[in-house]
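Visitor: need the 3D shape of this:
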Amino acid sequence: MTSDRQLVIVTGPSGAGRSSALHVLEDLGYDVVDNLPLNLAETLVTEENCKWPLALGIHTRTRRFTPETLVETIDRLSAEGMVDVSLLYLDCARDALLRRYSETRRRHPMADSADPTEGIARELALLAPLRERADTLIDTSTMNVHDLRREVERWYAPDAGRDLSLVLASFSYKRGLPQGLDLVFDCRFLRNPHWELSLRASDGRDPAVSAYVEQDPSYWEFHDKVMKLLVFLLPAYRSEGKSHLSIGFGCSGGRHRSVAVTEAMAKALAETGQPVSIRHRELERREGV
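Guide: Prediction:
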């Protein structure tokens, strides 16, 4: 039986983005409680006056925390059929966690010394059973707060009354694909403004750069075929109930061709009445967004 009481339990290693994910859930209308002792969690969700939907942040510093206790709590709540429970695990690679702690100079909660390496290893080993048990796993290793927000919304934003949320993103293949892309188009076949010295310092938002890219003999055929594909796909995704779609356009450096194409495609889609937002990953890294 499916309950209208939705409970999301958010956990994962320290530094993986638990607090940021809880902020997103709060913005989505969840009542959020962080670091609630596990012996009180079950009491809270069974209270008649409990607000729904509810999100609980659980981490290794939570009183009486053990992975076994948390799993037992989830299983009991699920078995009763009164609450729909989802375990959201925010994963993160060790090197990314180490970099984040080094940048913030914060002490790791499970480290005996100022060096967070040992604490990170202990915590990942402790949380391994929860990672395996997770209903939703989001790897935040290469994500910023904007990426994490988009991914949490993808899984937990209520569908009712929401139009298809469309995000167009430019990126560099040198840094790999952004997390969570549904469709990817490679723009590296287009003429590259990087080799034009007068354009190298600019990016694809500059009219001179976009005009240079558009002069490629293949550009407009590519543009029109991608548009036709998207015009065909978007209604199908809506009817299927999809609430979020991310489309990536990549090139070598992520500054010229992919940015110019992303801007042009977003403009063309907006002219059809489709709400669309834009992300330029490499430009945001340079600008410190």
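Visitor: can you tell me the helix or strand for residue 282?
Guide: Secondary structure assignment for residue 282, by DSSP states H and E: helix 281-287.
Visitor: and that helix, what other elements does it pack with?
Guide: strand 165-172 (3 or more C-beta pairs under 8 Å, 6 or more residues apart in numbering; DSSP states H and E). Any C-beta I mention is one placed from the backbone N, CA and C, and that applies to glycine too.
Visitor: coming back round to it: and the helix holding residue 282, what's buried?
Guide: 281, 282, 283 (16 or more other C-beta atoms under 10 Å).
Visitor: do the same with stretch 68-81
Guide: Within stretch 68-81, the residues that count as buried by 16+ other C-beta under 10 Å are 70, 73, 74, 77.
Visitor: residues in contact with the helix ranked longest in the chain?
Guide: Secondary structure of the chain per DSSP state H: the longest helix is helix 219-240. Helix 219-240 has contacts (C-beta atoms under 8 Å, 6 or more residues apart in numbering) with 163-164, 166, 183, 185, 190, 213-214, 245, 247, 261, 264-265, 268-269, 272, 274.
Visitor: 6 Å instead, please
Guide: 164, 245, 268 (C-beta atoms under 6 Å, 6 or more residues apart in numbering).
Visitor: swap in stretch 115-135?
Guide: Residues outside stretch 115-135 that contact it (C-beta under 6 Å, 6+ apart) are 11, 13, 60, 67, 71, 86-87, 89, 94, 97, 101, 108, 110-111.
Visitor: which of these ranks first by neighbour count?
Guide: Greatest neighbour count in these, by other C-beta atoms under 10 Å, goes to residue 13: 27 neighbours.
Visitor: restricted to strands, list the contacts of stretch 115-135.
Guide: Applying DSSP state E to the contacts of stretch 115-135, the entries found in strands are 11, 86, 87, 89.
Visitor: give me the contact list for stretch 137-151.
Guide: 16, 17, 20, 24, 89, 90, 91, 92, 93, 96, 179, 180.
Visitor: okay, now the residue nearest to the second one when sequence neighbours are not counted: neighbour count?
Guide: Spatially, and ignoring its direct neighbours in sequence, residue 17 is nearest to residue 140 (4.6 Å; C-beta to C-beta, 6 or more residues apart in numbering). Residue 140 sits with 26 neighbouring residues when counted by other C-beta under 10 Å.
Visitor: look up how far residue 150 lies from residue 140.
Guide: From residue 140 over to residue 150 the distance is 12 Å, taken as C-beta to C-beta, to the nearest Å.
Visitor: check residue 175 too.
Guide: Taking C-beta to C-beta, one finds residue 175 at 17 Å from residue 150.
Visitor: compare the two (neighbour count), which wins?
Guide: Comparing residue 175 with residue 150 by neighbour count (other C-beta under 10 Å), the higher total belongs to residue 150, at 22 against 14.
Visitor: and that one, what's its pLDDT?
Guide: pLDDT for residue 150: 82.
Visitor: relative to strand 165-172, how tilted is the helix or strand containing it?
Guide: Per DSSP H and E, residue 150 falls inside helix 145-156. Compare the direction of helix 145-156 with that of strand 165-172 by axes from the mean of the first three to the mean of the last three C-alpha atoms, to 10 degrees and you get 140 degrees.
Visitor: how about helix 145-156: buried residues?
Guide: 147, 148, 149, 150, 151, 152, 153, 154, 156.
Visitor: got it, and stretch 169-181?
Guide: 169, 170, 171, 172, 173, 178, 179, 180, 181.
Visitor: can you list the residues you listed in CSV and add distance to residue 197?
Guide: Output for the buried residues of stretch 169-181, formatted as CSV (distance: C-beta to C-beta, whole Å):
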residue, distance to residue 197
169, 28
170, 22
171, 24
172, 20
173, 23
178, 29
179, 34
180, 36
181, 32
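Visitor: nearest to residue 203, of these?
Guide: residue 170 (9.3 Å; C-beta to C-beta).
Visitor: hang on, the earlier thing: buried subset of the contacts of helix 219-240, written for PyMOL?
Guide: Those of the contacts of helix 219-240 that count as buried under 16+ other C-beta under 10 Å are selected in PyMOL with:
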select buried, resi 164+245+268
